[in-house]
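K.L.:
next comes the sequence, and after it the predicted model I'd like to discuss.
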Amino acid sequence: RRTHSSTLSNDIHNKAPSTGIPGEFYSNSSLKLFLACFLFRTLNAIIVGRTFFSPDEYWQSIEVAHRLTFGFGHLTWEWNPNFLLRSYLHPLLFAIPFQLLSFLGLDSSNAILYSPKLLQAFFAAFGDVFLHRLCNKLFGRECADWSLFFHLSNWFTFYSIVRTFSNSLETILTTIALYYWNWKSYISNGEENQYLISMRKSLALAVITVLIRPTSLAVWGMLGVHQLCFIRVSPYAKCKIVFNAIFIGLVGLLLNTCLDSYLSGKFSFVIWNFLQFNLLKDSASFYGTHPWHWYATQGFPTILGPSILFFIPGLFYATSNKFYKWTILFIILSLNIFMSLNAHKEFRFLLPILPLSMIICSNGYMLVSKWNKRISKALFIICLVANIGMSIFFGLFHQSGRISVMNVLRNLPEGQIHRVHFLTPCHSTPFHSHVHRIDVKMTFLDCSPSDTIGYLDQADHFKMDPYNFANQFYKIDTSKTDDWDILNQDRTLPTIIVTFGRYKVQLDPFLEKHGFKLNEVLFEQIIGPPNWTENVLVYHSSYRI
């Protein structure tokens with residue numbers, strides 16, 4: 001008998017799901033759930049599309065796709081064929097709708113802007129459904145309903161999953177692959193055939209995930225060890241799994257290497273380049289470092305957010321087989337430890353384990369509810385209201401000026417060339433993928449890494465002394481020399497300059513002297529006293545150059 005009347009859906013059967021997609025995913029019940037999730041994620045994508053989170057959302061995905069499809073768009077240093085760090089597999093997913101829109105003659109600026117959001121919402125809805133199915137398979141229908149609820153309401157999932165990060169797709173593929181993964185501790189001889197079929201599906205998805213985000217090797221490597229050491233299955237079946245893993249992995253690696261080598265114009269072994277740069281050389285530290293304990297003390301608690309109220313009790317309770325719960329915790333702990341080995345850390349790097357964490361939260365909620373319904377209801381309301389508040393703040397307001405300024409540039413008058421320079425830290429805004437106009441020529445300050453000790457890039461020099469940097473960058477002050485010349489970078493005074501309010505006092509004398517007037521002030525973020533807010537400023541030249 002059910003003990004809770006509140007459920008999210010009535011369309012997944014109580015029995016553990018099988019592993020074949022056609023007969024089950026396309027049933028009316030699952031399709032209804034998918035459509036509901038897709039509608040929610042579409043709205044989700046539109047909301048968070050108003051704000052900026054991290055440059056990689058644009059510069060490592062849709063900007064590359066825009067360049068592949070339309071021939072203009074900026075490729076950052078990671079896409080240099082001499083040390084290609086990213087696979088083209090992920091950007092190609094967004095190049096497909098771009099190419100389709102171009103073929104149909106429907107590639108307007110708005111269509112290019114919203115089509116990646118719609119595609120990412122589609123992917124995210126699949127992840128939502130398969131999380132529900134995974135939890136239903138492990139802990140039953142009621143726990144699955146609550147897992148999906150915590151997943152949909154979690155502030156960081158809402159803020160991140162519909163963005164075009166490779167981390168977002170990694171999270172979705174990981175969730176689906178884990179659904180097909182074997183969770184049983186014992187496989188009988190009669191179950192081996194189904195076990196092998198299901199594991200092949202999981203391994204294929206896992207290989208794609210690793211090709212997109214090589215750091216996923218941490219999760220799948222540890223899961224592979226766990227499967228071989230702790231699952232009771234015949235030696236023959238274990239050998240078959242090892243063979244399938246090697247075969248599928250090599251085929252995927254070969255095909256992906258061919259793809260990357262073809263598109264980059266040079267032989268490229270991306271996984272090795274990525275791991276060498278980020279792990280062996282630790283060159284990612286150029287973009288900031290954190291202490292070894294940061295994920296445990298700040299990163300993971302932050303992305304859990306208010307849901308931590310139920311995650312903690314969930315550590316001590318499971319509605320069914322505790323082996324499943326300990327396997328989930330093993331995955332969560334493995335990724336936390338592996339990611340902690342790298343000095344460069346970001347919240348989104350933990351995104352793949354957040355859906356699994358919501359399963360723990362659902363178990364925690366059911367434990368507290370059994371113990372005291374009044375307390376569980378109070379904690380539930382606190383958790384929901386806080387998550388909604390954080391989702392609204394970060395999704396609609398925080399760092400919104402960086403997106404608003406691209407709307408301004410996208411709507412500049414036609415019939416003339418607009419030359420726009422961003423005097424900001426590099427990659428502070430989206431780029432051509434958000435403007436999609438050949439008559440808007442844009443330039444930003446370079447921040448490519450260097451092996452030189454003490455190296456300062458253009459963005460570093462600008463932040464240290466905006467006024468003198470501008471004089472030197474635009475070659476007004478010729479008494480000083482620099483080594484800032486970069487191929488195809490425009491260093492003549494533009495028609496429009498975009499900067500942040502924090503640089504206004506230092507830059508205004510230079511801008512006024514050269515005929516620039518403040519035209520737009522766009523809210524960016526709340527920063528606290530004394531000024532309280534940060535704005536994005538748009539200056540227009542008083543005469544055409």
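P.N.:
Done, it's in. From a predicted model like this one, the values you see are computed outputs, not experimental measurements. Numbers count the residues shown, from 1 in each chain.

K.L.:
use CA for all of it now, contacts and neighbours both
P.N.:
Fine.

K.L.:
in which helix or strand does residue 236 reside?
P.N.:
Element membership for residue 236, per DSSP states H and E: helix 235-264.

K.L.:
buried ones in the next helix or strand after that helix?
P.N.:
Sequence order places helix 270-275 as the next helix or strand after helix 235-264, per DSSP H and E. Using 16 or more other C-alpha atoms under 10 Å as the test for burial, helix 270-275 gives 270-271, 273-274.

K.L.:
show me the strands in the stretch 301-450 of the chain, by range?
P.N.:
Secondary structure of the stretch 301-450 of the chain (DSSP state E, counting those that start in this stretch): strands at 418-423, 440-444.

K.L.:
what about the first one, distance to the chain center?
P.N.:
Relative to its chain's centre, strand 418-423 lies at 27 Å (C-alpha atoms, centre = their mean, to the nearest Å).

K.L.:
which residues sit against that strand?
P.N.:
Here strand 418-423 makes contact (C-alpha atoms under 8 Å, 6 or more residues apart in numbering) with 439-445, 462, 494-500.

K.L.:
apply 6 Å and report the result again.
P.N.:
440-444, 494-499 (C-alpha atoms under 6 Å, 6 or more residues apart in numbering).

K.L.:
distance between the helix holding residue 236 and the chain's centre?
P.N.:
On C-alpha atoms, centre = their mean, the centre of helix 235-264 falls 25 Å from that of its chain.

K.L.:
equivalent analysis for stretch 160-172, please.
P.N.:
The chain centroid and the centroid of stretch 160-172 are separated by 4 Å, computed with C-alpha atoms, centre = their mean.

K.L.:
buried residues, the top strand by length along the chain. List them.
P.N.:
Using DSSP state E, we find that the single longest strand of the chain is strand 516-528. By neighbour count with 16+ other C-alpha under 10 Å, strand 516-528 contains the buried residues 516-518, 521-525.

K.L.:
would you mark the buried spots in stretch 250-269?
P.N.:
So, applying 16+ other C-alpha under 10 Å, buried residues of stretch 250-269: 252-253, 256-261, 264, 267-269.

K.L.:
re the thing from before, which elements pack onto the helix holding residue 236?
P.N.:
The contact analysis (3 or more C-alpha pairs under 6 Å, 6 or more residues apart in numbering; DSSP states H and E) places helix 235-264 against no helix or strand.

K.L.:
what's the mean pLDDT across it?
P.N.:
In this model, helix 235-264 carries a mean pLDDT of 95.

K.L.:
over to stretch 158-169?
P.N.:
Taken as a whole, stretch 158-169 has a mean pLDDT of 97.

K.L.:
so what touches that stretch?
P.N.:
Outside stretch 158-169, the residues that reach it (C-alpha under 6 Å, 6+ apart) are 45, 57, 120-121, 395.

K.L.:
check these and tell me the two furthest apart.
P.N.:
Distance extremes for these: the farthest pair is 120 and 395 at 15.9 Å, using C-alpha to C-alpha.

K.L.:
is residue 541 bridged to anything, and to what?
P.N.:
Counting by DSSP bridges, residue 541 forms beta bridges with residue 516.

K.L.:
the closest residue to residue 332 other than its chain neighbours - how many residues pack around it?
P.N.:
Residue nearest to residue 332 in three dimensions, not counting chain neighbours: residue 353, with 5.7 Å by C-alpha to C-alpha, 6 or more residues apart in numbering. By the criterion of other C-alpha atoms under 10 Å, residue 353 has 22 neighbours.

K.L.:
and for the one 5 residues further on?
P.N.:
Neighbour count of residue 358, defined by other C-alpha under 10 Å: 28.

K.L.:
what's the answer for residue 376, then?
P.N.:
20.

K.L.:
where's the residue nearest to it when sequence neighbours are not counted relative to residue 143, distance?
P.N.:
Spatially, and ignoring its direct neighbours in sequence, residue 376 is nearest to residue 369 (5.1 Å; C-alpha to C-alpha, 6+ apart). Separation of residue 369 from residue 143 (C-alpha to C-alpha, to the nearest Å) stands at 12 Å.

K.L.:
more crowded one of those two?
P.N.:
Counted by other C-alpha under 10 Å, residue 369 and residue 143 do not tie: residue 143 has more neighbours, with 27 against 18.

K.L.:
what residues are up against the more buried one?
P.N.:
Contacts of residue 143 by C-alpha under 6 Å, 6+ apart are residue 362.

K.L.:
so is it in a helix, a strand, or just coil?
P.N.:
At residue 143, secondary structure determined by DSSP: H, G, I helix; E, B strand; the rest coil is helix.

K.L.:
over to residue 536?
P.N.:
strand.

K.L.:
pretty sure it sits against residue 520.
P.N.:
No - using C-alpha atoms under 6 Å, residue 536 is not in contact with residue 520, being 8.0 Å away.

K.L.:
what distance do you get for the nearest residue to residue 91 once chain neighbours are set aside to residue 164?
P.N.:
Among residues not flanking residue 91 along the chain, residue 61 sits closest, at 4.6 Å (C-alpha to C-alpha, 6+ apart). Relative to residue 164, residue 61 is positioned 7 Å away (criterion: C-alpha to C-alpha).

K.L.:
kindly report the same for residue 68.
P.N.:
16 Å.

K.L.:
next helix or strand past the helix or strand bottoming out on mean pLDDT in the chain?
P.N.:
Here the helix or strand of the chain ranked lowest by mean pLDDT, DSSP states H and E is helix 21-25, holding a mean of 47. Where DSSP H and E defines the elements, the next helix or strand beyond helix 21-25 is helix 28-48.

K.L.:
now do whichever helix or strand comes after that following helix: distance to the chain's middle.
P.N.:
Downstream of helix 28-48, the next assigned helix or strand under DSSP H and E is helix 56-57. Centroid separation between helix 56-57 and its chain, computed with C-alpha atoms, centre = their mean, is 7 Å.

K.L.:
before we move on, what about stretch 122-136?
P.N.:
Per C-alpha atoms, centre = their mean, the centroid offset for stretch 122-136 relative to its chain is 17 Å.
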